[in-house]
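Asker: how does the following fold in three dimensions:
(chains A, B, C and D)
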There are 2 protein chains.
Amino acid sequence: MSLKHGLLGLLNYGSMTGYELDKAFKASLSFFWQAKTSQIYRELDAMERHGWLTSQRVIQSEKPNKRVYTITEDGKEELVKWLSSPESDIVDAMHVRSAFLMRVFFAGETSIQQSLEMLRRYRQKCLESSEGLRVAYDAISDYGAIVSDEKKSKYWEIVVLYGEAFFDAGLSWTDKAIAILEEELRG
Amino acid sequence: MSLKHGLLGLLNYGSMTGYELDKAFKASLSFFWQAKTSQIYRELDAMERHGWLTSQRVIQSEKPNKRVYTITEDGKEELVKWLSSPESDIVDAMHVRSAFLMRVFFAGETSIQQSLEMLRRYRQKCLESSEGLRVAYDAISDYGAIVSDEKKSKYWEIVVLYGEAFFDAGLSWTDKAIAILEEELRG
DNA sequence: TTAATCATGTAACACGTTACATGATTGC
DNA sequence: GCAATCATGTAACGTGTTACATGATTAA
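Answerer: Residues are numbered from 1 along each chain as shown, chains lettered A, B, ... in the order given. Down below sits the predicted model:
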């Protein structure tokens, strides 16, 4: 139920429309959790039925009407409850889920050349993502400026540090893997 | 569609029953892709409808009847086609998906003590997983002994190297993160 | 004049999880 | 006597993806 709790966390910063939530989500949480707009609207619906939030329709003349979502006391309680029981997500974080690794696993069915190409492409993407982290960092800083809370931005930085560690690990892993396959080509 | 292709890859090594596939999956691919038994049976059904495999029911007297799945030519073609178009999965591999990181992101809503506890628990789990890799490596070696193919085991080793890099990255990241928060406590 | 922004959704489908059902044989 | 192994699934639910629909305002 992480999408629901992510939305709850954002709404805890202040009331927003679905549209604004979608943008806030994509500007920050999307680094570690992806969701489509249509899914966000569906989850907001379910959360309202759960009583975690309420919505008020706002009629606008110049722009389309909108619906502003506000977190309820029950929603805040749920958020606190969720934050205090991280165990299952910690266990979960130990499980890699990667279709790419499945391809590496079955790479013996293709040529070494093809496998090398795939690994080199992966390496290049890691580099790009590593550089892209600066952009993500700026996005987080922008949002941090809106919400302006020193305490929160500390943790956002820690999340970005995770990204750096993740992509660095990807780089040094591909270096090793490529070396093994190149050795195979020569040997 | 990675589960389907994982099963296709395993069946490419030889015909198996759903039960055997489930065990083979959990002994090898589960390191980077998890699936429940019931889902595996459902996918096998869908794959048979796609014409990627055929099944023969084997009547047994002493044991429950079984159904042996065999990959078809269409299935082998699909496997090769899949292996030669890795781009989308490479792009996908650049996206982290972690409910745990969402918790870190919102950790400002809790105390530093609670956040430290969570990070320390994560760190401990990384250590355990890192040690557990040896077990996974043995499982892969066992399966490698059954299939016995030098070429394949090269790639299986590379996958295990990824695991090492991943958990090592987790360890050094938590060290940094914990240091930042402990500094916060003192400062 | 074309694209982007604002603002909402519905419908169908694909994939993943949980709970349940059945029942014989073999090892401790 | 009890648990594990063998061997198959169904049903319901939850979550994620894709495609589609609507229509005004504003900036390049």
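Asker: how near is A:Glu183 to A:Lys176?
Answerer: For A:Glu183, the distance to A:Lys176 under the criterion CB to CB, to the nearest Å works out to 11 Å. In short, each C-beta sits where N, CA and C put it, glycine included.
Asker: show me where pLDDT drops low in chain A?
Answerer: Low-confidence segments of chain A, defined by pLDDT under 70, span residues A:136, A:138-148.
Asker: tell me how it divides into domains.
Answerer: Per the record's domain assignment (automatic domain parsing), chain A is made up of the domains A:2-93, A:99-186.
Asker: quick one: the ones you listed as a markdown table, columns for distance to B:Lys26 too.
Answerer: Converted to a markdown table, those look like this (distance: least, CB to CB, whole Å):
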| stretch | distance to B:Lys26 |
| --- | --- |
| domain A:2-93 | 17 |
| domain A:99-186 | 14 |
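Asker: if we can go back for a sec, more crowded one of A:Glu183 and A:Lys176?
Answerer: A:Lys176 (14 against 9; other CB atoms under 10 Å in any protein chain shown).
Asker: which element is the nearest residue to that one once chain neighbours are set aside on?
Answerer: With CB to CB, 6 or more residues apart in numbering or on different chains as the measure, B:Leu161 is the residue that lies nearest to A:Lys176, at 5.8 Å, once sequence neighbours are left out. In this structure, B:Leu161 sits in helix B:150-186 according to DSSP states H and E.
Asker: middle-most residue in chain A, spatially?
Answerer: Averaging the C-alpha coordinates of chain A gives a centre point, and the residue nearest to it by CA atoms, centre = their mean is A:Phe32 (2.0 Å).
Asker: show me what stretch A:151-158 is in contact with.
Answerer: Applying CB atoms under 8 Å, 6 or more residues apart in numbering or on different chains, the external contacts of stretch A:151-158 come out as A:28, A:140-141, A:144, B:104-108, B:115, B:176-177, B:180-181, B:184.
Asker: in PyMOL, how would I select just the buried ones from the residues you listed?
Answerer: Burial among those is assessed by 16 or more other CB atoms under 10 Å in any protein chain shown; the matching PyMOL selection reads:
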select buried, (chain A and resi 28+140+144) or (chain B and resi 104+105+106+107+108+115+177+181)
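Asker: between the contacts of stretch A:151-158, which sits nearest DNA strand D?
Answerer: For these, the closest approach to DNA strand D (CB to the nearest atom of the strand) belongs to B:Phe105, at 15.7 Å.
Asker: wait, doesn't the closest one sit right on A:Gly9?
Answerer: Yes. Between B:Phe105 and A:Gly9 there is a contact at 7.4 Å, judged by CB atoms under 8 Å.
Asker: buried stuff in the helix holding B:Leu161?
Answerer: Applying 16+ other CB under 10 Å to helix B:150-186 flags B:152-171, B:173-174, B:177-178, B:181 as buried.
Asker: distance of the closest residue to A:Ser130 other than its chain neighbours relative to A:Ser129?
Answerer: Of all residues not flanking A:Ser130 in the chain, A:Phe167 sits nearest, at 4.1 Å (CB to CB, 6+ apart). Using CB to CB, we find A:Phe167 at a distance of 5 Å from A:Ser129.
Asker: strands of chain A, residue ranges please.
Answerer: For chain A, applying DSSP state E gives strands covering A:16-17, A:53-58, A:66-71.
Asker: state the distance from A:Arg49 to chain B.
Answerer: From A:Arg49 over to chain B the distance is 22 Å, taken as CB to the nearest CB, to the nearest Å.
Asker: give me the number of residues near A:Lys23?
Answerer: Neighbour count of A:Lys23, defined by other CB under 10 Å: 14.
Asker: and chain A, which residues reach DNA strand C?
Answerer: Counting by CB under 7 Å from any atom of the strand, the positions of chain A adjacent to DNA strand C are A:17-20, A:22-23, A:37-38, A:41-42, A:45, A:60, A:63-68.
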